[in-house]
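Engineer: sequence unknown, structure follows:
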Ligand code: TYD
């Protein structure tokens, strides 16, 4: 299976309620990894782009808790864009994919559930290096 085909847009369990809805993620259940870190991106000025790199080991799930944004992914040969605009969908991205977040709406809030702590060495920020590495893994 190619890297890009391993990405999954997962509908999260949701409890609808007239008092307000509630959605759930549990590690090793909706997400196929243990959560070691959670971070979130907010107050993104219009037109700004986040990400623009790949991770060697980090697997992640990205959820648009509020507002909307696009997640552009690339496995070195194929590209795809996922639009996230509902807080009950999680985008699962395995390791080894280039990814970029863009087109943030006003007041959008992106939560990232990560399988690793922050390691600067886990980042591949050079696109040519990423393409070379992804070819060697095929
Ligand atoms: P970075 O991951 O490059 O942001 P993005 O991919 O969303 O554009 O992180 C931006 C800065 O924040 C960078 O200096 C590293 C730091 N950072 C941490 O210290 N810990 C973390 O968990 C994360 C995600 C980033």
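Structural biologist: Yep, it's here. Just so we're clear, the structure is a prediction, and the values are computed from it rather than from any experiment.
Engineer: how distant is stretch 68-88 from the center of its chain?
Structural biologist: 8 Å (CA atoms, centre = their mean, to the nearest Å).
Engineer: what's the span of it, first residue to last?
Structural biologist: Counting by CA to CA, to the nearest Å, the length from the leading to the trailing residue of stretch 68-88 is 12 Å.
Engineer: residues in contact with the lowest-mean-pLDDT helix or strand in the chain?
Structural biologist: Of all regular secondary-structure elements in the chain, judged by mean pLDDT, DSSP states H and E, the least confident is helix 127-137 with a mean of 90. With contacts defined as CB atoms under 8 Å, 6 or more residues apart in numbering, helix 127-137 is touched by 3, 54, 75-77, 96, 98, 124. The way it works is simple: take the backbone N, C-alpha and C, and place the C-beta from them, glycine included.
Engineer: and residue 62, that one's in a helix?
Structural biologist: No: counting by DSSP: H, G, I helix; E, B strand; the rest coil, residue 62 falls outside a helix, being strand.
Engineer: ok, back up a step: which of the contacts of helix 127-137 fall within strands?
Structural biologist: Mapping these onto strands (DSSP state E) picks out 54, 98, 124.
Engineer: okay, those residues in TSV with pLDDT next?
Structural biologist: Shown next, in TSV, are these (pLDDT from 0 to 100):
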residue	pLDDT
54	97
98	98
124	97
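Engineer: returning to what we had before: do the least confident helix or strand of the chain and the ligand meet at all?
Structural biologist: No: figure legend: helix 127-137 not in contact with the ligand (CB under 6 Å from any ligand atom); closest approach 13.8 Å.
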